[in-house]
Each structure stands twice: as structure tokens, then as C-alpha cells.
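J.: Model the structure of this input:
(one chain, ligands or ions: 1)
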Amino acid sequence: MSPDHPGTSRADQSAIPDTVPRYNRRPVPWVAQWSGELVRKPRPRVRHEEAPAGGWRLTYRDPTDTDWWAPTSDHKPVLWRRTGTDRSGTPQYALLNTIRQRTAMTEHLCQVCGQSAAVAGGVAWLMHAIEWRHVTAPMGAVEPGWKSLHTALSTTNPPTCTNCWQIAARMCPSIREHGAVPLTVGVVRPVGVTGDVYPMGVGRPEPRHGTFGEPEMGHMMARLLVVELDDVQVYPALTSPPPRA
Ligand SMILES: [Zn+2]
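T.: Sure thing, here's the model as predicted:
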């Protein structure tokens, strides 16, 4: 999600919460990556080692305990891309900060303002219309009011609180052009990651999706958490949000 920061008028910004970060007084989505947060090395210095729980895992050459993460102790931890969180440099609106994206997904925080996206019975979401068409394509046409049960939709885009539905719809040029679908989600289930798989021998890392529990996750450097959304309620318009929790 990228705000239209050059064209956002001062009047438009008056309703934007203080918890939304700013760059040169322009609002920046809470989840966005900033250029100074990236670890700038030509290639991360990683290698494979025998994992404590068996099998192989990818490791940095100067590892720390926080380098690996999995949603539950049932899954082997996965190596995550290192990134800062100090919002230094300039905002990169089209990119998600790895740590903030994972935090927003697991703690159900709004990707715009960083506050809770909880609503009665679940979590508020605002899905870009293009992504919505993609994830619901197997089900055919989905109308407002549709409610899924046991029909998981997967995404890497975190929640958006109901207070920020209108803000996102107003500030993001792509949503203004294509639209977005407001949802509430009863079940948010971490299922995997997107990242790069590093081969054991020679060869370049390859981008791909991985599912927690599969052996190849031992060779993965994760960049974004993938969650499945279940018990999804579709709302017809941005002007009729559900009650806050
Ligand atoms: Zn928000």
C-alpha cells in the first residue's frame, strides 16, 4: 500500500492519527520499509549447519537467538532476514519491513497506524481489489455479505483497523484506482513465509513460498509471514465498518 504523499493535501492529513509515522510531515504506513533499515551487504553471509532438532538449517555466520522464528514450538524455527526498525533513511512505500510485517500479522496490528486491528469477533482487514480477485478466484464471484467458513485465503498483507479503512482508501493511489474489499477475519493462521531458498552447494538463492513444517524451510531465509484468513466476513462498503471490539 503506498500513500499518495506528494499529492496529499494538508486538509486530508488532519484526520490521520498521530501513530501513523511521518516523513517530511507526510504520512507513511506503519508497516513500510525505510531505506536505512536494510542491512546493506551484497549477499548475507550465511551457511548451512546441523539443526538442534535434526536436519539442516540456514544460519548467519554471527548468529543470535532472535534470527530464527516459527509461530509455534510445533514447527522448526526458520531463519529470518535481518532488518532494522528505526525508520532511518527514506520510506519505501511498496516494501514491507520484515519485523513489522511479522509483528502486525501475529499481534493483529494495523498496517497503517500500528494500533490494534481487533473488532468484535476477529480482526479487521482491507484487501486490495486485485489481491482479492486473485485469492477468491477458485471460488468464483464473491459478493458483499459473503462469509467463508473453512475457506482459507492466504496473504502477506497485514490487517487494517477500521479507523484506517477510509484513510487507506483515500491515500493509496492504487486502492483509489482499483478499490479494496473490507473484511473481518475470525481466524488468522500463520502457515508459511515468502523468502529465498539457499542451495546446499553452489548456486544462487531462489525466491519462493514455503510452508512451516516442510523440510525445505531449513534452507529458507524468510522475508514475509504468510497467513491464512478463515471465517471471513465481506463488507459491502467502506462507510459501514463493524463495531470495534
Ligand atoms: Zn489503523
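J.: alpha carbons only for contacts and neighbour counts from here, please
T.: OK.
J.: For the longest strand along the chain, name the packing helices and strands.
T.: Determined from DSSP state E, the single longest strand within the chain is strand 180-197. Here strand 180-197 touches strand 122-128, helix 129-136, strand 206-211, strand 220-234, going by 3 or more CA pairs under 8 Å, 6 or more residues apart in numbering; DSSP states H and E.
J.: average pLDDT for it?
T.: Strand 180-197 shows a mean pLDDT of 95.
J.: neighbouring strands for it, and are they parallel or not?
T.: Strand 180-197 pairs in its sheet with strand 122-128 (antiparallel), strand 206-211 (antiparallel), strand 220-234 (antiparallel), by DSSP bridges.
J.: now the angle from it to helix 129-136?
T.: Here the directions of strand 180-197 and helix 129-136 differ by 70 degrees (axes from the mean of the first three to the mean of the last three CA atoms, to 10 degrees).
J.: With only the CA atoms kept, save strand 180-197 in CSV.
T.: Only the C-alpha atoms of strand 180-197 are listed here, as CSV (Å, rounded to 0.1, in the frame of the first residue of the first chain):
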residue,chain,number,x,y,z
ALA,A,180,-10.4,-2.5,-1.8
VAL,A,181,-12.6,-5.0,0.0
PRO,A,182,-13.2,-4.5,3.7
LEU,A,183,-13.3,-7.7,5.7
THR,A,184,-13.4,-9.1,9.2
VAL,A,185,-11.5,-12.3,9.9
GLY,A,186,-12.3,-14.7,12.6
VAL,A,187,-9.2,-16.9,12.3
VAL,A,188,-5.7,-15.7,11.3
ARG,A,189,-3.4,-18.7,10.9
PRO,A,190,0.3,-18.4,10.2
VAL,A,191,1.1,-21.0,7.6
GLY,A,192,4.4,-20.1,5.9
VAL,A,193,6.7,-17.5,4.5
THR,A,194,8.0,-15.9,1.3
GLY,A,195,11.7,-15.6,1.1
ASP,A,196,14.8,-17.1,-0.6
VAL,A,197,15.9,-20.7,-0.6
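J.: Who are the contact partners of Arg57?
T.: 48-51, 78-79, 217-219 (CA atoms under 8 Å, 6 or more residues apart in numbering).
J.: Next up, identify which helix or strand it is on.
T.: Using DSSP states H and E, the element containing Arg57 is strand 56-60.
J.: Sitting in strands, which of the contacts of Arg57 do you find?
T.: 48-50, 78-79.
J.: what residues does this protein put near the ion?
T.: Contact residues, the chain versus the ion (CA under 5 Å from the ion): 110, 112-113, 161, 164.
J.: so where's the chain uncertain?
T.: Applying pLDDT under 70 to the chain flags the ranges 1-14, 40-44, 141-151, 236-245.
J.: So what touches stretch 199-213?
T.: Residues from elsewhere that reach stretch 199-213 (CA under 8 Å, 6+ apart): 48, 70, 75-76, 191-198, 216-217, 219-220.
J.: Which among the residues you listed count as buried?
T.: 48, 70, 76, 191-198, 217, 219-220 (16 or more other CA atoms under 10 Å).
J.: of all the residues you listed, which two lie farthest apart?
T.: Pairwise distances across those peak at 23.3 Å for His48 and Val191 (criterion: CA to CA).
J.: which of the strands paired with strand 180-197 sits most buried?
T.: Across these, averaging neighbours per residue (mean count of other CA atoms under 10 Å) puts strand 122-128 on top, at a mean of 25.
J.: Output that strand in CSV with nothing but the alpha carbons.
T.: Coordinates of each C-alpha in strand 122-128 appear next as CSV, following Å, rounded to 0.1, in the frame of the first residue of the first chain:
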residue,chain,number,x,y,z
GLY,A,122,-12.0,-11.1,14.9
VAL,A,123,-9.6,-8.8,13.1
ALA,A,124,-10.3,-6.0,10.5
TRP,A,125,-8.7,-6.3,7.1
LEU,A,126,-8.7,-4.2,3.9
MET,A,127,-7.6,-6.3,0.9
HIS,A,128,-6.7,-4.6,-2.3
